[in-house]
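> sequence first, predicted coordinates after that:
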Amino acid sequence: MKTITKILFGALMLAFTAGAYAEDKYDQLSKELTEAGASVQGKKIAIIPFSYADGRPGVSKDGSVISERLTIKMINSHKFEIIERSVLDKVMAELKLQASGTIDASSAQQLGKVLGVEAIITGTLVEMQAGEIEVNARLIKTETAQAIGASQVSVRKDWIGDASSAPQQTYQQPAPQPVYQQTTYQPQPAPAAKARAPKGEFEYGFFDIIMGGGNRTIDIAYENSGNGIYFNQIGFTASGISNGPYREVKIEDLQGVGMGPVGIRVGGFGKGAIGGDFEFSVSRHDVEPQKAVGTRNGLPTNFSLPTGGNYLTMTSFGISGDLLIRVPTKKVDPYIGMGLGLSLNRVQMPYVYGFTNSSVFSRPVDDFGIGLMLRVPVGMRIKLDPKMHLVAELRYEMNTVFFDRGIATESDTITSSGMRFVLGLGFGL
């Protein structure tokens with residue numbers, strides 16, 4: 001059983017190898033002729049059926065099969081326009097030329113003029129042993145009748161019939177025909193890139209570099225559901241009032257200073273009034289020593305902040321987006337919008353105790369908090385030219401940041417809000 005299996009496997013491999021061999025030989029023939037015809041690539045050529053070199057009369061089936069297989073390979077290379085076989089046969093009959101590989105210089109020139117071809121492929125066959133046929137192909141330039149390329153391969157005969165068994169074909173001159181249309185195989189062009197629709201008159205994109213500043217109001221709230229909050233642990237003093245503990249302590253309307261936003265944004269407007277942008281910005285919020293008002297467990301309280309330096313320094317990195325509505329004009333686009341975003345904030349409080357730096361309850365607090373951003377911009381975009389814009393914007397901003405001083409039972413917030421005036425240099429896209 002094993003022996004039979006090996007024999008069958010060997011037979012299958014032999015058949016597969018023979019098919020691959022034949023395919024490779026036709027590919028080789030096509031490749032070598034294509035490379036030799038680099039000077040005529042993209043132009044019309046004709047492929048003449050091959051004939052035997054020993055002078056057998058007429059067109060053999062062998063020559064027709066080999067030339068047809070070569071034609072398919074040449075068409076699939078997309079390097080030339082190949083004249084259709086039926087058109088070639090008709091023209092050769094009218095010119096009283098034999099449709100075989102024995103085309104002389106004069107015949108090549110005649111074909112070139114009538115068919116409008118730059119070159120022809122022709123050749124001869126030699127019958128060999130073991131069912132193989134030697135193919136000798138030449139690429140001939142019709143204008144000069146000069147052979148500009150050649151290729152020689154041996155192919156395995158895997159079809160039925162040959163020149164001796166197949167009936168010979170002869171070409172009768174047909175009655176005069178009216179002018180006919182040539183059928184050619186056009187090289188397949190690469191797909192054209194999809195054209196982008198032209199922009200409308202008021203449609204554009206932009207990339208802005210922005211810088212702004214302005215006053216801000218800061219609220220701070222401490223809420224602890226565990227051991228409570230003590231004034232001396234959060235850096236507050238309040239005369240005549242107990243140090244604590246308190247469930248919640250809030251301080252409101254602190255006058256903040258700082259810088260920003262400074263950043264970049266990318267956006268655009270469509271053909272109508274609606275547009276939008278995406279912004280990445282950095283800003284800083286400081287609380288200097290001052291007196292303030294607030295509440296302890298809901299009761300109004302007057303507080304004093306330490307006088308040695310900033311009570312709070314908060315650096316915010318914001319990622320946000322705006323929905324914009326404008327009035328489109330040729331030079332100036334006034335707009336209003338609404339924006340939302342997220343912020344990552346570093347919270348530094350040198351007079352406040354917590355567990356952010358060590359396992360010991362100590363100061364300072366140096367924590368990171370996630371924030372929610374709200375923005376309402378009102379501004380105008382001045383178009384100096386399509387590629388250069390100036391932007392002036394007044395915006396209301398609010399950033400609410402959540403942190404906990406490293407205490408599991410505590411939930412603290414810092415809210416910075418106020419008006420910012422922003423200037424920007426824009427580049428049209």
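Yep, that arrived.

> lowest average confidence, helix or strand, in the chain?
Taking mean pLDDT, DSSP states H and E as the measure, strand 184-185 is the helix or strand of the chain with the lowest mean score, a mean of 57.

> direction included, what does the strand or helix carrying residue 252 pair up with?
Using DSSP states H and E, residue 252 sits within strand 248-269. Pairing partners of strand 248-269, with direction, according to DSSP bridges: strand 204-213 (antiparallel), strand 216-224 (antiparallel), strand 274-287 (antiparallel), strand 291-296 (antiparallel).

> what residues sit buried inside the second one?
The reference is to strand 216-224. Of the residues in strand 216-224, those with enough neighbours to count as buried (16 or more other Cβ atoms under 10 Å) are 216, 218-224. For the C-beta atoms, the positions are set from N, CA and C on the backbone; glycine is no exception.

> with the shortest one instead?
Burial within strand 291-296, assessed by neighbour count using 16+ other Cβ under 10 Å, is assigned to 292, 294-296.

> dump those residues to a markdown table, plus pLDDT and distance to residue 25.
What follows is those, written out as a markdown table (pLDDT from 0 to 100; distance: Cβ to Cβ, whole Å):
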| residue | pLDDT | distance to residue 25 |
| --- | --- | --- |
| 292 | 89 | 93 |
| 294 | 93 | 93 |
| 295 | 94 | 94 |
| 296 | 94 | 96 |
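
> let's have those in JSON lines, adding distance to residue 286.
Converted to JSON lines, the buried residues of strand 291-296 look like this (distance: Cβ to Cβ, whole Å):
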{"residue": "292", "distance to residue 286": "14"}
{"residue": "294", "distance to residue 286": "19"}
{"residue": "295", "distance to residue 286": "23"}
{"residue": "296", "distance to residue 286": "24"}
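
> ok, these vs residue 422, which is closest?
residue 292 (28.1 Å; Cβ to Cβ).

> distance of the closest one relative to residue 256?
Applying Cβ to Cβ, to the nearest Å, the value for residue 292 to residue 256 is 11 Å.

> same question, residue 282
Spatial separation of residue 282 from residue 256 under the definition Cβ to Cβ is 16 Å.

> between these two, which has more neighbouring residues?
Under the neighbour definition other Cβ atoms under 10 Å, residue 282 and residue 256 were set side by side, and residue 256 has more, 23 against 14.

> isn't that one up against residue 416?
Yes - counting by Cβ atoms under 8 Å, residue 416 is a contact partner of residue 256 at 6.2 Å.

> between those two, which contacts overlap?
Taking Cβ atoms under 8 Å, 6 or more residues apart in numbering as the contact criterion, the residues that touch both residue 256 and residue 416 are 216-218, 285.

> low-confidence stretches in the stretch 151-300 of the chain?
162-198 (pLDDT under 70).

> report the two of the shared contacts of residue 256 and residue 416 separated the most.
In terms of Cβ to Cβ, the shared contacts of residue 256 and residue 416 reach their longest pairwise distance at 217 and 285, which sit 10.1 Å apart.

> common neighbours of these two, please.
In the contact map built from Cβ under 8 Å, 6+ apart, the residues linked to both residue 217 and residue 285 are 256, 416.

> in a strand, residue 160, correct?
No - following the definition DSSP: H, G, I helix; E, B strand; the rest coil, residue 160 is coil and is not counted among the residues of a strand.

> tally of neighbours for it?
Neighbours of residue 160 under the rule other Cβ under 10 Å: 8.

> export the shared contacts of residue 256 and residue 416 as CSV, with columns for distance to residue 27.
Output for those, formatted as CSV (distance: Cβ to Cβ, whole Å):
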residue, distance to residue 27
216, 75
217, 79
218, 77
285, 72
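
> thinking again about what came up before, return the set of buried residues in the strand holding residue 252.
Of the residues in strand 248-269, those buried (16+ other Cβ under 10 Å) are 248-251, 254, 256, 258, 260-261, 263, 265, 267, 269.

> mind telling me the two of those farthest from one another?
Largest separation among the buried residues of strand 248-269 by Cβ to Cβ: 249 and 269, giving 46.8 Å.

> mind listing what the closest residue to residue 350 other than its chain neighbours touches?
In space, and not counting its chain neighbours, residue 350 is closest to residue 364: 4.2 Å by Cβ to Cβ, 6 or more residues apart in numbering. Shown here is residue 364, whose contacts under the criterion Cβ under 8 Å, 6+ apart are 348-352, 357.

> kindly recompute the last result at 7 Å.
Residue 364 sits next to 348-350, 352 when contact means Cβ atoms under 7 Å, 6 or more residues apart in numbering.

> try residue 290
254-255, 305.

> shouldn't residue 201 be within a helix?
No - according to three-state DSSP, the state of residue 201 is coil, so it is not within a helix.

> how much space between it and residue 388?
With distances defined as Cβ to Cβ, the gap from residue 201 to residue 388 amounts to 18 Å.

> these two: which is more packed in?
Neighbour count, other Cβ under 10 Å: between residue 201 and residue 388, residue 388 has more, with 12 against 8.

> quick one, what contacts the more buried one?
For residue 388, the set of contacting residues under the criterion of Cβ under 7 Å, 6+ apart consists of 427-428.

> helices of the protein, residue ranges please.
In chain order, the chain shows helices spanning 2-36, 61-77, 85-94, 105-115, with DSSP state H as the criterion.

> which of the ones you listed comes out lowest on mean pLDDT?
Here these differ in mean pLDDT, and the lowest is helix 2-36 at a mean of 62.

> tell me the residue in this protein that is farthest from the middle.
residue 240 (68.1 Å; Cα atoms, centre = their mean).

> circling back to that earlier point, using JSON lines, lay out the contacts of residue 364 together with distance to residue 112, pLDDT and neighbour count.
Compiled in JSON lines, these are given as follows (distance: Cβ to Cβ, whole Å; pLDDT from 0 to 100; neighbours: other Cβ atoms under 10 Å):
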{"residue": "348", "distance to residue 112": "87", "pLDDT": "96", "neighbour count": "16"}
{"residue": "349", "distance to residue 112": "92", "pLDDT": "95", "neighbour count": "26"}
{"residue": "350", "distance to residue 112": "94", "pLDDT": "95", "neighbour count": "16"}
{"residue": "352", "distance to residue 112": "95", "pLDDT": "95", "neighbour count": "24"}
